[in-house]
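Student: Sequence and predicted structure, then a few things I'm wondering about:
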Amino acid sequence: MIYQMVVSIVLTQIYGGQQVSPNTEKLIIIARKIPIFIFFVSIIGPLLEEYVFRKVIFGELFNAIKGNRIVAFIIATTVSSLIFALAHNDFKFIPVYFGMGVIFSLAYVWDKTACCSNYYPYVTKRICRYIPIT
């Protein structure tokens, strides 16, 4: 989350003013209309993201690349983080999401679990973002 705050400050300086992802804005609008949606966005969404981007994309690619583990890590991290960033569908926020993907990949390799290392801080961040809506 520290990385995200630092990059957000940099983006604010580059683009002028507070930047909010259109993806986040859409989710907030839906959550205001359908409060149970907060559960899906805050709990289910991060769980699925961690499974798809860390376990499936990163993990399978990392294990498929034979030889130097550092090279395998760099390739798998770059690919999974870029896909993660592009999946959030906002060009201005690619550095934020890409960096988060790199950090999540590091945590995944460190403790060998996709969900446990990244899931709880990510869920906490999401809950803090969406709970004030209701």
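Tutor: The structure has been received and is ready for your questions.

Student: tell me the pLDDT at the residue lying closest to residue 53 once chain neighbours are set aside?
Tutor: Nearest-residue entry for residue 53: residue 84, 4.7 Å, with adjacent residues in sequence omitted and distances by Cβ to Cβ, 6 or more residues apart in numbering. Quick note: C-beta positions are derived from backbone N, CA and C, even for glycine. The per-residue pLDDT reported for residue 84 equals 94.

Student: give me the number of residues near residue 84?
Tutor: Other residues within reach of residue 84, judged by other Cβ atoms under 10 Å, total 23.

Student: Surely it is in contact with residue 94?
Tutor: No: with contact taken as Cβ atoms under 8 Å, residue 84 and residue 94 are classed as non-touching, separated by 9.8 Å.

Student: how about residue 58, what does it touch?
Tutor: For residue 58, the contacting residues are 76-77, 79-80, 105, 108, taking Cβ atoms under 8 Å, 6 or more residues apart in numbering as the criterion.

Student: quick one on the thing from earlier: and the residue nearest to residue 53, how far is that from residue 68?
Tutor: Applying Cβ to Cβ, to the nearest Å, the value for residue 84 to residue 68 is 23 Å.

Student: And for residue 53?
Tutor: With Cβ to Cβ as the criterion, residue 53 and residue 68 are 23 Å apart.

Student: likewise residue 15?
Tutor: Distance from residue 15 to residue 68, by Cβ to Cβ: 38 Å.

Student: which stretch of helix or strand covers residue 77?
Tutor: If you go by DSSP states H and E, residue 77 is part of helix 69-87.

Student: Could you do residue 35 as well?
Tutor: Applying DSSP H and E as the criterion places residue 35 outside every helix and strand.

Student: cool, the one 3 residues further on as well?
Tutor: With the criterion set as DSSP H and E, the secondary-structure element containing residue 38 is helix 37-39.

Student: Need the CA coordinates for the very next helix or strand once past that helix. PDB is fine.
Tutor: Elements were assigned by DSSP H and E; along the chain past helix 37-39, the next helix or strand is helix 45-49. Taking C-alpha atoms only, helix 45-49 is exported to PDB below (Å, rounded to 0.1, in the frame of the first residue of the first chain):
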ATOM      1  CA  GLY A  45     -12.700 -10.000  -6.300                       C
ATOM      2  CA  PRO A  46      -9.300 -10.000  -4.600                       C
ATOM      3  CA  LEU A  47      -9.500 -13.800  -4.000                       C
ATOM      4  CA  LEU A  48     -10.200 -14.400  -7.700                       C
ATOM      5  CA  GLU A  49      -7.500 -11.900  -8.800                       C
END
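
Student: Alright, that wraps it up for me.
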